[in-house]
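[1] Show me the folded form of this:
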Amino acid sequence: MKLPVAEPIEREPIELKPYGASQVRWPVALDEVLGVLDVQPATAARPGGSAAVLANLPSSHGGILGAQLVGQQVVLAERLHPGKRVQSLQTLFLRSGTWQEPLEAHVEQLAQGRSFASVSLTFRQGPELICKTQVLLTVDEPDPARTAVTAVPGPDPQDATPVAMPLLPWDTRLAAGGTWQAHDLWMRRKDVPDDPTLWRALVAYTCEPTTLPLLMADHGTVGGPDSVGRPHTALIVALTVTFFEDLDVRDWHVVRTEVPYAGGARVHGRGQVLDSGGRPSALFTTVGLFRPAAGD
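    Sure thing, here's the model as predicted:
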């Protein structure tokens, strides 16, 4: 099956204040993101069947966006397991592939029960393995006890600075005092369907690009103090996301990200997704690569 591929629209670099100009010239639109994430797998895509064929978002670097992949993984897993929601996913990004060709998603059922299910998702392009993911799904049960560490959500989003991030085409605001090592991004997506599966997919999508872009702006080729005009390679190689409860992404919430360690050309990030009252909805960790581009 050959899916149509939309041509990207080239635009001027987006200003990512106060970090400088983004190098991404093909920002995506919200309807594009929703269209690609809203996977409707055929019966044949179920475990043991043939692969599901998935479309891609355009990218300026030519590869497939990791944010897109994890969002599709959430939707695919939940649509194949009605009545269950994703508890956690662990993804390894193995090759970048090309956004100009469709993906094939292969599903392997690992376990299936009343309370939990687990699947392995393998995304391929022809003979190339693009990514591999383990997904744990759950059914919520009555609470014998409930507790959550409520964090201070930070300054009100109305007092935060609007920023344009090419891969996050919705209202995004940076809280004062943020750096590439620790920052709060307020966001909301007012024009999305009333669909908790898509909400979780958008949360997972957001967790992938929140660590490296700000580091690139500070240290890479966009005028940071250590850049000296050198091109760098930056990408996420592993991502884990754990969901606690539903978060209505149409309301304000904050993605709180920090980088506790960067060294050896690796960047280790972690973060929380909090509702407007500071209640945690998701946790995530990333392993990134950041090094001078080949031949530099």
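[2] Can you dump the C-alpha atoms of stretch 240-254 in PDB for me?
    Output in PDB follows, covering the C-alpha atoms of stretch 240-254 (Å, rounded to 0.1, in the frame of the first residue of the first chain):
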ATOM      1  CA  THR A 240      10.500   6.000  28.200                       C
ATOM      2  CA  VAL A 241       7.100   7.500  29.100                       C
ATOM      3  CA  THR A 242       4.900   6.400  32.000                       C
ATOM      4  CA  PHE A 243       1.300   7.700  32.300                       C
ATOM      5  CA  PHE A 244      -0.600   8.000  35.600                       C
ATOM      6  CA  GLU A 245      -3.900   9.600  34.800                       C
ATOM      7  CA  ASP A 246      -5.700  11.200  31.900                       C
ATOM      8  CA  LEU A 247      -4.700  14.800  31.100                       C
ATOM      9  CA  ASP A 248      -7.000  16.900  29.100                       C
ATOM     10  CA  VAL A 249      -4.500  18.600  26.800                       C
ATOM     11  CA  ARG A 250      -7.000  21.200  25.800                       C
ATOM     12  CA  ASP A 251      -6.400  22.800  29.300                       C
ATOM     13  CA  TRP A 252      -3.100  24.400  30.400                       C
ATOM     14  CA  HIS A 253      -0.500  22.000  31.700                       C
ATOM     15  CA  VAL A 254       3.300  22.200  32.100                       C
END
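[3] buried sites along that stretch?
    Using 16 or more other C-beta atoms under 10 Å as the burial criterion, the residues of stretch 240-254 that qualify are 240-241, 243, 247, 249, 252-254. In this view, the C-beta of every residue, glycine as well, is placed from N, C-alpha and C.
[4] now that stretch, how far from the centre of its chain.
    Between the mean C-alpha location of stretch 240-254 and the chain-wide mean there is a distance of 12 Å, by C-alpha atoms, centre = their mean, to the nearest Å.
[5] Kindly report the same for stretch 238-251.
    That offset, for stretch 238-251, works out to 10 Å (C-alpha atoms, centre = their mean).
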